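Participant: Provided below are the primary sequence and the corresponding predicted coordinates.
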Amino acid sequence: QVQLVESGGGLVQAGGSLRLSCAASGRTPSMYIMGWFRQAPGKEHEFVVGVDWSGGSTYYGNSVKGRFTISRDNAKNTMYLQMNSLKPEDTAVYYCALALGWNGVTTDRNHYGYWGQGTQVTVSS
């Protein structure tokens, strides 16, 4: 089994920044895709960004392009999400997820078999 634990959420004013982390532990596979999703109250899960095993290929959701940056450190089995220029509409629970068996980033949440417990990000106006 693989466990994912997010950290770094919190309350920030609009225009501010936060950095989320996601650490993988347990029987971590040798290669895997990682991604961030978010869910705001009353809304569906939204794909935020994903990264392939090497970190060289990323895919961002339109709503966060130019403001968020994903990275990963495979030696530490950890993924990061740097969030800048935060807006109130970024308020949501952010989940990290891991997908096996894919060569490239997938935006379909059904392809991700492992999920963290989520971390709350609240952006005040």
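Facilitator: Yep, that arrived.
Participant: drop to CA atoms for contacts and neighbour counts, all remaining ones
Facilitator: Will do.
Participant: pretty sure V121 is in contact with V93, am I right?
Facilitator: Yes: using Cα atoms under 8 Å, V121 is in contact with V93, at 6.0 Å.
Participant: Counting neighbours, go ahead and name the busier of those two.
Facilitator: Between V121 and V93, V121 has the larger neighbour count (other Cα atoms under 10 Å), namely 22 against 18.
Participant: Wasn't the more buried one part of a strand?
Facilitator: Yes: assigned with DSSP: H, G, I helix; E, B strand; the rest coil, V121 falls within a strand.
Participant: Report the beta-bridge partners for it.
Facilitator: G10, A92 (DSSP bridges).
Participant: Spell out, range by range, the strands that occur in this protein.
Facilitator: Applying DSSP state E to the chain gives strands spanning 2-7, 10-13, 18-26, 33-39, 46-51, 58-60, 68-73, 78-83, 92-99, 114-115, 119-124.
Participant: other SSEs contacting the longest one?
Facilitator: Contacts of strand 18-26 with other secondary structure elements, assessed using 3 or more Cα pairs under 8 Å, 6 or more residues apart in numbering; DSSP states H and E, are made with strand 2-7, strand 78-83.
Participant: burial of G55, as a residue count?
Facilitator: G55 has 16 neighbouring residues, counting by other Cα under 10 Å.
Participant: got the buried residues for stretch 68-80?
Facilitator: For stretch 68-80, the neighbour count (16 or more other Cα atoms under 10 Å) marks F68, T69, I70, S71, R72, T78, M79, Y80 as buried.
Participant: ugh, wrong one, stretch 5-14
Facilitator: V5, E6, S7, G9, V12, A14.
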